[in-house]
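# What would the 3D arrangement of this be:
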Amino acid sequence: MRVTGVVRRVEEGDAWVEVAVGGGCGRCNEPGGCGGVNVARPLALQSTNVKVANRIQARPGDTVAVVVDDGVPLRAALLAYGWPVLGVIGGAAAGTLAASPGQGDLLASLGALAGGLVAYLAGRARSRRQDAPQLRLERPDLTVSGGCPR
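Coordinates of the predicted model:
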């Protein structure tokens, strides 16, 4: 996904880029699209600022493209929703199996909480450890048909 934005400030090798929320990837509302832009709609956000490593030496006021690598939205959804749900189910199952008669509901509930928490914390730690940048800045393509840059 590629979104155009404007650099608002630069500090310590990072650029804060203001991007429009409404655009999305162009397939957000289509069948099979990510729907990622719909997250901001209830909040009535028109734009948001994102922090991106400034490897292109952009300056405040520059128009840039913020690029999200393929697969990042799916990985983020799995870390945020998929693994915790599996943790809750697995924890509840383990609690139920470990329970003696009459304590099944209590231990299933405690197991669900513990499993969801462990999966959430593991996903959070994994997302912070990733070496590859998930967002990057690029100069926008300013060519007009015919190859003449303007």
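
# buried set for the longest helix seen in the chain?
For the chain, the longest helix by residue count, based on DSSP state H, is helix 104-129. Going by neighbour count (16 or more other C-beta atoms under 10 Å), the buried part of helix 104-129 is Leu107, Ala108, Leu110, Gly111, Ala112, Ala114, Gly115, Gly116, Ala119, Tyr120, Gly123. No exception for glycine: its C-beta is placed from N, CA and C like everyone else's.

# Let me see the mean pLDDT of that helix.
Mean pLDDT, computed over helix 104-129, is 87.

# helices or strands next to it in the packing?
helix 83-98 (3 or more C-beta pairs under 8 Å, 6 or more residues apart in numbering; DSSP states H and E).

# starting at the chain centroid, how far to the helix it packs on?
25 Å (C-alpha atoms, centre = their mean, to the nearest Å).

# Against Leu110, how distant is the residue most central in space within the chain?
Central residue of the chain (C-alpha atoms, centre = their mean): Ala76, 4.9 Å from the mean position. For Ala76, the distance to Leu110 equals 28 Å [C-beta to C-beta, to the nearest Å].

# now do Gly61
Where Leu110 is concerned, Gly61 sits at a distance of 54 Å (C-beta to C-beta).

# do the same with Ala20
Relative to Leu110, and taking C-beta to C-beta, Ala20 is found at 45 Å.
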